[in-house]
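Enquirer: The following comprises the amino acid sequence and a computationally predicted model.
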Amino acid sequence: MSKLHLYLLAGLLVLAGASATAYKVLVLGFPLSPNQRSEIWRVELQLAFDADGGPAKVLLAVPSQTGQVSVMDQGFAARGYGVTTERTRLNERAVFSLADAQGRQYLYYRVVVDLSKPPPAEPQPAPTSQAPRFTPDELLVAHSLVDSARAKAADARTLADVIVERLKAAKPGDEASYLLGRDPMRSQARVPVVAVNLLRLAGVPAEVVNGVLLKPERRNARFVHWLEIYDEDHWTPVYTSEGLANAGPYLLPWWRGPALVAHVQGGKHLTTDMTVSRSLEFSTRVAVARQRALEHRLIEFSLFGLPLQAQLLFRTLLAVPLGAFVLVVLRNVVGFKTFGTFMPVLIALAFRQTGLTAGIVFFTIVLSFGLVVRFYFEHLKLLLVPRLAAILIVVVMVIAALSVVSHRLGVDVGLSLGLFPIVILTMTIERMTIAWEERGPRDALQQAGGSLAVAAVCYLLIQHTLIRHLLFVFPELLLIVLAATLLLGRYTGYRLVELRRFRVLAK
Amino acid sequence: MMNPFALARALRSRGVLGLNARNGEFMLPWNPRRFYPLVDDKVLTKTLAREHGVSVPEVYAIIEIPRQIRELKSKVAAQEEFVVKPARGSGGEGIVVVTGRGPDGYRKIDGSSISEHELEFHISNILAGIFSLGGTPDKALVEYRVNFDPVFDAVTYRGVPDVRVIVFLGVPVMAMVRLPTRKSGGRANLHQGALGTGVDMATGKTLSAVLRTGIVDLHPDTGVPVAGIQIPHWQTMLEIASRSYELTGLGYQGIDIVLDRKLGPMVLELNARPGLAIQMANRSGLRARLEAVLRDRASLDSPAARIAYARERFAAKPS
């Protein structure tokens, strides 16, 4: 009776999941595989500032008229703010304004660009001769630098290259570093600005260009800077680093000029946070190519409607149920022994920050060290809660030490260790000690190994591109995972390891 | 190794019970969760057992709060020997066996001495939950020290031998004698390396034994054959076992019985999640026996009928 109930429920879940997926694939044309050639990218910028408590205005440069790539869509979101766009001499910009702003203010800007489409031809801004900005002292140095560069250059283009190289190779005390400023941390960032001024001094129209690298997808993206010169009737980019020169179409120019991306009036402490991702939503929309209201709403009410930050999080989060399912299979069908029910899944999540090999190595080191300390604590006869707290403290110290050591050794992976789940490690150490004492080292090591193996399998699954893509685009697949998990809940057959354990009884 | 599917079929046909089946088909349907505290807490188990006239080691004191620790000395003043154990302990953890008084306090069973202060500290650790399931605060039990019947002396390396009987719906379905070894450190748990011998349900005589996953005939430390030992008071043990279902309401449970030299069989503890190695000790599958009980349970209405059923149906087959 109850078994029939379960089968019916599972059948319904599978049917619902499969049909929703089929509808999305066949009718709406959602992509089944993470299409690597989809060249639609989405950049989201969050601006935040503390309002002074009165009228507030934010001027934000937007990348609509910068030329090389075509902007498909852009959107503004700011509670209560009026938004207008206006054109300045060099840029397009959005103006957010509010009559009375109180407290911390958040503004969002989103732009979607299509790299596969050639940009519409647009008139290039004519060069205007602008005076270079140098102090009288700097002007002297600048002249000498330009003269020596001219001697090596045949035309405007090579002159720009020579000047950029010269600035990049600046050594403390020489002419270039005098112009770039004393602060060695900031001097490389100033190369485009100084190069523009030098070129203008040499009579070549030039401008700073600011933009963003689209590849790879990431959070906390930063703006990059290079320059453009006007030569033979059109603007040519001059890149200040290898990375930018090789980026090709993945470099999105945003605004021109030495100013910052945004300015606030009537507020302070302006911060920006930028996220870059390949947009599945728009590739889907392009594939469908007919935007009826229903489909539009389906997309709006799917995970694609979430802010980008949340989308990236969900791409991982949605793969976790699959990890839990695998855990069920490995425990109840294969018979792996693990510490705690879901500890391996949590460890797998932690591996995301470190990578698999480094994760296993660090996990093993922290665990072994923790065990040694825990066995020592055993002699002190500590009560439970203080004992756990003491292990936690040791775990944090070991992680800190490991981070420092691995950084010294040049293994940057150690830096991401800070987010390693210290509480889980602590509980694992405690559980492993108890298992060691009660069931012997063999059992304890078996359980530790089992936990690690399960964690590794879960990690490989939740990091798999295709799986992440499928579960994110078709979250209804989780219904099928749920159905399979429910069915396994009634699996009362032998576990694989039991076949070995009881094999003498088969004779 | 054999083809896993063929192996699974062979085990299935021999009626071998796996962990998933034990949990899903016998524990979940027959062991209501509300009865678990009765077996997890030894104080509750003892009270119940005494109410039902089942013999258990006498309790000298139950220490529930730290203030009571100081009363220990007066409570055990009349006793030369006693045992201190956590009420919710598992795997024999946290048990101290005192066999006499020494120059600076008490003398433990291994001959070493433990001062009054050390024993009090040990009890405060028990109260804090160091040895309890899940680390929750616990009670300490001070009770009679069982004087073991010498019947298993030749096949025991120190420690406490006991008889584990699996009881399903009041029918004793399978039993084994758990014999401590040097490896198990005197403890009677099979996963700690203790030896388990099967028992012929009809006669109460021991059969061959399981050590880890292999089958053995001799005790690994004493070298004495383990088969063919008659368990004294076998009929009484079956009676205790057959009444344990009414005691706890748990359909599927394991009951651990010790043999006292003078007082006979006594229940040491009950277990709601008994392990499966008992099948190897008996070279027989539990599932076949459990299913037989399920089939015939309508006719098994009295303890006497259940015992007769067990003796007849679960007798060892001559091999």
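Expert: That came in fine, so what should we check first?
Enquirer: mind listing the helices in the stretch 151-300 of chain B by residue range?
Expert: For the stretch 151-300 of chain B, helices defined by DSSP state H, counting those that start in this stretch occupy the ranges B:234-248, B:278-282, B:286-296.
Enquirer: May I have the residues that are in contact with the closest residue to A:Ala247 other than its chain neighbours?
Expert: Distances taken as CB to CB, 6 or more residues apart in numbering or on different chains put A:Leu213 closest to A:Ala247, at 5.7 Å, once the chain neighbours are dropped. Bear in mind the C-beta positions are built from the backbone N, C-alpha and C, glycine included. Contact partners of A:Leu213, counting by CB atoms under 8 Å, 6 or more residues apart in numbering or on different chains, are A:221, A:224, A:243-244, A:247, A:250-252, A:276.
Enquirer: Okay, and which of the residues you listed map to strands?
Expert: When strands are assigned by DSSP state E, the members of those inside them are A:221, A:224, A:251-252, A:276.
Enquirer: Beta-bridge partners for the residue positioned nearest the centre of chain A, please?
Expert: Residue closest to the average C-alpha location in chain A (CA atoms, centre = their mean): A:Arg218, at 2.5 Å. When bridges are called by DSSP bridges, A:Arg218 pairs up with A:Val276.
Enquirer: Would you agree it is in contact with A:Arg278?
Expert: No: at 11.1 Å, A:Arg218 and A:Arg278 do not qualify as touching, with contact defined as CB atoms under 8 Å.
Enquirer: all strands for the chain, in order.
Expert: Just so you know, I chose chain A. Counting by DSSP E, the strands of chain A are A:40-51, A:54-62, A:70-77, A:82-87, A:92-101, A:104-114, A:206-213, A:218-221, A:224-231, A:234-238, A:251-256, A:262-265, A:267-278.
Enquirer: if you could check chain B rather than the one you did, that'd help
Expert: B:59-63, B:82-86, B:96-102, B:105-108, B:113-114, B:140-143, B:162-168, B:171-179, B:195-199, B:206-211, B:214-216, B:252-260, B:264-271.
Enquirer: Please save the CA atoms from the first one in CSV.
Expert: Taking Å, rounded to 0.1, in the frame of the first residue of the first chain, the C-alpha atoms of strand B:59-63 are listed here in CSV:
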residue,chain,number,x,y,z
VAL,B,59,21.4,-0.2,41.7
TYR,B,60,23.3,1.3,44.7
ALA,B,61,23.0,4.9,43.6
ILE,B,62,21.9,7.1,40.7
ILE,B,63,23.9,10.3,40.4
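Enquirer: quick one, phi/psi of A:Thr492?
Expert: phi -110, psi 20 (degrees, to the nearest 10).
Enquirer: Show me what from the stretch 1-150 of chain B comes close to chain A.
Expert: Proximity of the stretch 1-150 of chain B to chain A, by CB under 8 Å from any CB of the partner chain, involves residues B:1-2, B:4, B:7-8, B:10-12, B:14, B:16, B:18-21, B:23-25, B:90-91, B:93, B:121, B:125, B:128-130, B:135.
Enquirer: Can you go through those residues and name the buried ones?
Expert: B:7-8, B:10-12, B:14, B:16, B:18-21, B:24-25, B:90-91, B:93, B:125, B:128-130, B:135 (16 or more other CB atoms under 10 Å in any protein chain shown).
Enquirer: In helices, which of those fall?
Expert: B:7-8, B:10-12, B:19-21, B:125, B:128 (DSSP state H).
Enquirer: Who does B:Lys108 form a beta bridge with?
Expert: Counting by DSSP bridges, the residues bridging with B:Lys108 are B:Val98.
Enquirer: Isn't it up against B:Ile95?
Expert: No: checked against CB under 8 Å, the pair B:Lys108 and B:Ile95 is beyond contact range at 10.6 Å.
Enquirer: check contacts around residue 273.
Expert: Using chain A. A:Asp273 sits next to A:45-46, A:48, A:219-220 when contact means CB under 8 Å, 6+ apart.
Enquirer: looking at chain B here, not the other one
Expert: B:27, B:254.
Enquirer: who's the residue nearest to B:Leu268 when sequence neighbours are not counted bridged to?
Expert: Closest residue to B:Leu268 apart from its sequence neighbours, by CB to CB, 6+ apart: B:Asp256 at 4.6 Å. Residues in a beta bridge with B:Asp256, per DSSP bridges, are B:Arg164, B:Glu269.
Enquirer: what does the one 4 residues further on give?
Expert: Taking DSSP bridges, one finds B:Phe148, B:Gly264 as the beta-bridge partners of B:Asp260.
Enquirer: and it, how many neighbours?
Expert: Neighbours of B:Asp260 under the rule other CB atoms under 10 Å in any protein chain shown: 17.
Enquirer: Tell me how far it lies from B:Thr236.
Expert: For B:Asp260, the distance to B:Thr236 equals 12 Å [CB to CB, to the nearest Å].
Enquirer: How many neighbouring residues does the spatially closest residue to A:Val141 that is not a sequence neighbour have?
Expert: Closest residue to A:Val141 apart from its sequence neighbours, by CB to CB, 6+ apart: A:Glu175 at 4.9 Å. Counted with other CB under 10 Å, residues neighbouring A:Glu175 total 18.
Enquirer: residues contacting A:Glu175?
Expert: So A:Glu175 contacts A:141, A:144-145 (CB under 8 Å, 6+ apart).
Enquirer: Filter the residues you listed down to the buried ones, ChimeraX style.
Expert: Selection of the buried residues among the contacts of A:Glu175 in ChimeraX, burial being defined by 16+ other CB under 10 Å:
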select /A:141,145
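Enquirer: Tabulate the contacts of A:Glu175 (CSV), appending distance to B:Pro232.
Expert: Listed next are these as CSV, based on distance: CB to CB, whole Å:
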residue, distance to B:Pro232
A:Val141, 107
A:Ser144, 111
A:Leu145, 107
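Enquirer: My guess is the residue nearest to B:Leu268 contacts B:Asn271. True?
Expert: Yes: using CB under 8 Å, B:Asp256 makes contact with B:Asn271 at a distance of 6.7 Å.
Enquirer: Now do the shared contacts for these two.
Expert: B:Arg164.
Enquirer: what about the residue of the stretch 1-150 of chain A found nearest chain B, distance to B:Arg306?
Expert: Minimum separation of the stretch 1-150 of chain A from chain B (CB to the nearest CB) falls at A:Ser2, amounting to 9.6 Å. Distance, A:Ser2 to B:Arg306, using CB to CB: 28 Å.
Enquirer: Also B:Ala272?
Expert: 20 Å.
Enquirer: Between the two, tell me which one has more neighbours.
Expert: B:Arg306 (28 against 18).
Enquirer: what's the spacing between the more buried one and A:Gly266?
Expert: 87 Å.
Enquirer: how far is the longest helix seen in chain A from where the chain is centred?
Expert: As assigned by DSSP H, the longest helix anywhere in chain A is helix A:422-463. Mean-position distance between helix A:422-463 and its chain equals 30 Å (CA atoms, centre = their mean, to the nearest Å).
Enquirer: elements contacting it?
Expert: helix A:320-328, helix A:343-354, helix A:356-380, helix A:384-408 (3 or more CB pairs under 8 Å, 6 or more residues apart in numbering or on different chains; DSSP states H and E).
Enquirer: Give me the contacts around the shortest one.
Expert: Applying CB under 8 Å, 6+ apart, the external contacts of helix A:320-328 come out as A:338, A:341-342, A:344-345, A:348-349, A:454, A:457-459, A:461-462, A:467, A:471, A:478, A:481-482, A:484-485, A:488.
Enquirer: Can you tell me the number of residues neighbouring A:Leu330?
Expert: For A:Leu330, the count of nearby residues is 21 (other CB under 10 Å).
Enquirer: So what's the predicted local confidence for the residue nearest to it when sequence neighbours are not counted?
Expert: Among residues not flanking A:Leu330 along the chain, A:Phe336 sits closest, at 4.5 Å (CB to CB, 6+ apart). Looking at A:Phe336, its pLDDT stands at 89.
Enquirer: buried set for stretch B:155-169?
Expert: Result for stretch B:155-169 [16+ other CB under 10 Å]: buried residues B:155-157, B:159-169.
Enquirer: what sits against B:Thr213?
Expert: Here B:Thr213 is in contact with A:500-501, A:504, B:280 (CB under 8 Å, 6+ apart).
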